[in-house]
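> Predicted model, plus sequence, below.
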Amino acid sequence: MTFGQRAATAGSWGRLRVAATYLSFALFASACSSLDSYTDGASPATSTLATPTTQSPPTPPPSTQPPTTPAPSTQPPPTDTADPSAAEGNSGSGSQPDGASAQAPPTTAAPPAGQVPVITPVVITTLPHDTAAFTQGLELADGILLESVGLRGQSATRRVVVATGEVSDSVSMEPEFFAAGLTVANGAVYQLSWQAGVLIISDPQTLQELERRSYDGEGWGICSLDENRIAMSDGSDLITFRDPVTFERVGEVAVTLDGEPLDRLNELECVNGNIWANVWLTSNLVQIDPATGQVLKRVDASGLVPEGLGTDDVLNGIAFNPETATFFLTGKRWPVLYEVDLGPV
Ligand SMILES: [Ca+2]
């Protein structure tokens with residue numbers, strides 16, 4: 001190869017390298033341009049990150065979620081594993097919260113997947129309650145609280161003035177009876193006697209006995225679900241349904257919380273087709289779908305427990321006020337009866 005031929009070849013290689021360099025630069029510039037257009041404000045990646053509702057876990061309805069909703073991870077485990085001694089918790093002061101917190105809606109924590117929402121009640125009013133009342137049943141009827149109090153030899157059905165806690169009427173049960181829950185059905189008071197198997201039906205105004213029915217097993221809580229069914233608990237996970245006239249068993253449902261049986265169901269309250277229940281030896285209420293037995297909500301009322309109570313003096317007693325859509329809650333020998341907001345029911 002001559003010098004001229006080598007020079008010509010070198011020139012060709014040089015042009016090729018220049019062309020390759022230019023082509024690389026053009027491709028790089030094109031890639032940068034594409035990247036710029038992908039990451040601008042209108043790109044899918046950015047808009048997805050900027051929309052929290054597509055990244056957050058499911059949230060409760062806006063009406064039940066206040067601005068200060070705590071993180072779901074702070075909620076305690078399901079109630080059926082709760083230590084019974086939790087009923088002695090003294091986290092509550094027993095006094096009414098300040099005006100600001102009383103105005104806030106009930107706190108509803110978004111639950112982990114597969115678990116029910118947990119509600120913290122908001123206290124509206126704190127009222128007096130007889131500290132001698134071993135509360136077994138509670139229901140509002142025509143503006144008066146009907147309350148049954150237990151223990152053998154001390155059991156009675158009472159009419160109580162809501163505002164003052166005054167016992168306006170009281171009818172004692174036989175000494176061998178231990179009063180359990182009560183409700184109003186067919187215009188009369190239905191009073192259970194726990195293990196005695198006797199249902200005492202009485203006049204709601206005078207509390208004078210009208211007639212009796214019998215039932216099998218134990219009777220703990222009771223509420224009137226609809227025209228054809230009374231719901232009754234017996235301390236297990238079963239709710240039985242009974243005919244309001246004959247009190248014969250017409251059905252039952254097993255109650256589950258987060259897929260597990262929930263026993264120790266105690267005092268009941270029927271509200272708008274659902275059943276609310278105290279869970280014995282805990283500071284929890286649950287809302288139950290009577291068709292499936294599934295717990296729909298759990299109420300953590302541990303903040304309401306007064307100080308200085310005995311181990312048996314647990315939260316027990318739910319009465320719904322349909323005029324205000326609020327609940328009256330108290331416990332055995334509690335000095336207070338709370339009116340609380342539990343959110344939409
Ligand atoms: Ca009740």
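Here it is on my side, so go on.
> Name the helix or strand of this protein that has the lowest mean pLDDT.
Ranked by mean pLDDT, DSSP states H and E, the weakest helix or strand in the chain is helix 44-49, scoring a mean of 28.
> and stretch 240-255, C-alpha only, in CSV?
Taking Å, rounded to 0.1, in the frame of the first residue of the first chain, the C-alpha atoms of stretch 240-255 are listed here in CSV:
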residue,chain,number,x,y,z
THR,A,240,-80.6,-18.0,69.5
PHE,A,241,-83.8,-16.6,68.0
ARG,A,242,-87.1,-17.1,69.8
ASP,A,243,-90.7,-16.5,69.0
PRO,A,244,-92.0,-13.4,70.9
VAL,A,245,-95.2,-15.1,71.9
THR,A,246,-94.2,-18.7,72.7
PHE,A,247,-90.6,-18.0,73.4
GLU,A,248,-89.8,-21.2,71.5
ARG,A,249,-86.5,-21.4,69.8
VAL,A,250,-86.9,-20.7,66.0
GLY,A,251,-83.2,-20.4,64.9
GLU,A,252,-79.7,-19.6,65.9
VAL,A,253,-76.5,-18.1,64.5
ALA,A,254,-72.9,-18.6,65.5
VAL,A,255,-71.0,-15.3,66.0
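> neighbouring contacts of it?
Stretch 240-255 is contacted from outside by 185-186, 199, 213-216, 224-225, 227-232, 234, 237-239, 261-262, 265, 277, 286, 288, 290-295, using C-beta atoms under 8 Å, 6 or more residues apart in numbering. In short, each C-beta sits where N, CA and C put it, glycine included.
> Quick one, which of the residues you listed are buried?
Buried members of the contacts of stretch 240-255, scored by 16 or more other C-beta atoms under 10 Å, are 185, 199, 213, 215, 224-225, 229-232, 234, 237-239, 262, 265, 277, 286, 288, 290, 293-295.
> The closest residue to the ion within the stretch 151-300 of the chain is in what secondary structure piece?
Going by C-beta to the ion, the ion is nearest to residue 269 of the stretch 151-300 of the chain, at 3.9 Å. Secondary structure from DSSP states H and E places residue 269 in strand 265-271.
> Please name the strands paired to that strand in the sheet, noting orientation.
The pairing partners recorded for strand 265-271 under DSSP bridges are strand 274-279 (antiparallel).
> Next step: the buried ones among the contacts of stretch 240-255 restricted to strands.
Residues of the buried ones among the contacts of stretch 240-255 located in strands (DSSP state E): 185, 199, 213, 224-225, 229-232, 238-239, 265, 277, 286, 288, 295.
> Out of the residues you listed, which two sit at the greatest distance?
Using C-beta to C-beta, the two most remote members of those are 213 and 295, lying 29.1 Å apart.
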